[in-house]
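1. Model the structure of this input:
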Amino acid sequence: MKAFFHAATSTFTYVVHEGRAAVVIDPVLDYDAIAAHTSTASADAVVDYVREHRLTVEWILETHAHADHLSAGDHLRDVFGARLAIGHGIVGVQKRFKTLFGLGEDFTPDGGQFDQLLHDGDVLHAGVLEIRVIATPGHTDDSLTYLIGDAAFIGDTLFAPETGTARCDFPGGDAGQLYASIQKILALPADTRLFLCHDYPPPSRGAPQAECSIDAQLQENVHVKRGVGEADFVAMRTARDATLAPPRLVLPALQVNIRAGRLPPPDSDGVRYLRLPLNRFGHKS
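-> Numbering: from 1, shown residues only. So this is what the prediction gives:
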């Protein structure tokens, strides 16, 4: 397995492989918000690794429709000829954000932009790799965890113990659901390795770390360690979320990611445009 860290968004992308078969989890498309310029440089580092190791990527897996970075899922699907999958809850996410962004008839909120919509308990295969799908909603209603051997790729559900847990204030988020999803993850076998989608290390720790243990989460997670009940967690998460600013890339990220990482279709002038709904996120004036 190889982890790639995208420093601009603190995001991990993973290439998981055994033999020649591989899957890619949560790939990132570079985006310069000031210039509104996209680049595949980070995704192409994944491509280079795959080609260097002579791998065949069979699946590109999204843990959810990210709000903090743009997905390179569509780019890598084209490069590798792989299938792209996400949780079936994406349909509800698409319906909400089609309305928010005022998307036209060219966008159909049925999940058809992806090759497969996944449900809790589904099992995928890539060569000898067996990928168990675990629904872990709460942060978003399409959130999934992928269990591959003793490695669980948990998306935004949990962060490193000193950082805590995902926010639940996006449309479709639910702190009670998130608590239940976290308990599902923490009930996995004790030796399960948890791989994070993001890490925001404090100065005392230094370098970002992709992996943590179930025991570390139970002993040290500042939001949901052992002994924290659902009511206290929901109260904490609700109060904390009310103070958080929207993610820096939420508007470009969501309208690209609900399209499976595909940029909006070009306008009549051949240029692709993103839409920015005013006064819909954060504090209104």
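
2. Am I right that residue 79 falls within a helix?
-> Yes: with the criterion set as DSSP: H, G, I helix; E, B strand; the rest coil, the secondary structure at residue 79 is a helix.

3. Number of residues surrounding it?
-> By other C-beta atoms under 10 Å, 18 other residues sit near residue 79. (Each C-beta comes from the backbone N, C-alpha and C, glycine too.)

4. Thought residue 48 was touching it, still the case?
-> No: counting by C-beta atoms under 8 Å, residue 79 does not reach residue 48; the two are 10.9 Å apart.

5. Extract the CA atoms of stretch 266-277 and return them as CSV.
-> Output in CSV follows, covering the C-alpha atoms of stretch 266-277 (Å, rounded to 0.1, in the frame of the first residue of the first chain):
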residue,chain,number,x,y,z
PRO,A,266,-18.4,23.5,-21.3
ASP,A,267,-20.6,26.5,-22.1
SER,A,268,-21.3,27.7,-25.7
ASP,A,269,-17.9,29.5,-25.6
GLY,A,270,-16.1,26.2,-24.9
VAL,A,271,-15.2,27.3,-21.3
ARG,A,272,-16.3,25.4,-18.2
TYR,A,273,-17.8,27.5,-15.4
LEU,A,274,-18.5,26.8,-11.7
ARG,A,275,-21.4,28.4,-10.0
LEU,A,276,-21.2,30.3,-6.7
PRO,A,277,-24.5,30.7,-4.9
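
6. Please list the residues outside it that contact it.
-> Contacting residues not belonging to stretch 266-277 are listed as 36, 100-103, 251-252, 255-256, 263-265 [C-beta atoms under 8 Å, 6 or more residues apart in numbering].

7. I'd like the distance between residue 64 and residue 154.
-> Applying C-beta to C-beta, to the nearest Å, one obtains 11 Å for the distance of residue 64 from residue 154.

8. for residue 106, that is, sorry about that
-> With distances taken as C-beta to C-beta, residue 106 is found 34 Å from residue 154.

9. likewise residue 62?
-> In this structure, residue 62 lies at 13 Å from residue 154, with C-beta to C-beta as the measure.
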